[in-house]
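Novice: Coordinates only, no sequence provided:
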């Protein structure tokens, strides 16, 4: 039986439009807020149509030396051009980019996950040094 981690795909974000791209400082001050931006398809834009879109992005933090990760936030994208007149006829589309503000007392790894309704689960991570 496959474990959930085996369902996630990764790739070089510069050549793949599904990988969450994480932008944040490499080093932060302990207990001081900082912004983390996660976007999908920075170099190659991901479609946002009724038929093909990003449904959500999740952000986790795993402190150095600890067993468990912490759920920083879940961000849903619900407007993809749906309309009673048909697909992609709607007036509202979301953009699959989020900014979360957080603080930490420890160094660790930020993990971002995203879900494409056609191509499944994707992940990426980056290290944060706290001092």
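Specialist: Nice, I can see it. Note that this is a predicted model, so its numbers are computed, not measured. Numbers count the residues shown, from 1 in each chain.

Novice: average pLDDT for stretch 7-15?
Specialist: Mean pLDDT, computed over stretch 7-15, is 72.

Novice: repeat for stretch 79-87
Specialist: 94.

Novice: Please shift the residue numbers so they start at 476 in all later answers.
Specialist: Yes, from this point I'll number from 476; that puts the last item at stretch 554-562.

Novice: From residue 525, how far out is the residue sitting furthest away from the middle of the chain?
Specialist: Centroid-distance maximum for the chain: residue 560 at 31.1 Å, with C-alpha atoms, centre = their mean. With distances taken as C-beta to C-beta, to the nearest Å, residue 560 is found 11 Å from residue 525. Any C-beta I mention is one placed from the backbone N, CA and C, and that applies to glycine too.

Novice: swap in residue 515?
Specialist: Applying C-beta to C-beta to residue 515 and residue 525 gives a distance of 17 Å.

Novice: Of these two, which one has the most company?
Specialist: residue 515 (29 against 17; other C-beta atoms under 10 Å).

Novice: pretty sure that one is touching residue 569, no?
Specialist: No. Counting by C-beta atoms under 8 Å, residue 515 does not reach residue 569; the two are 11.1 Å apart.
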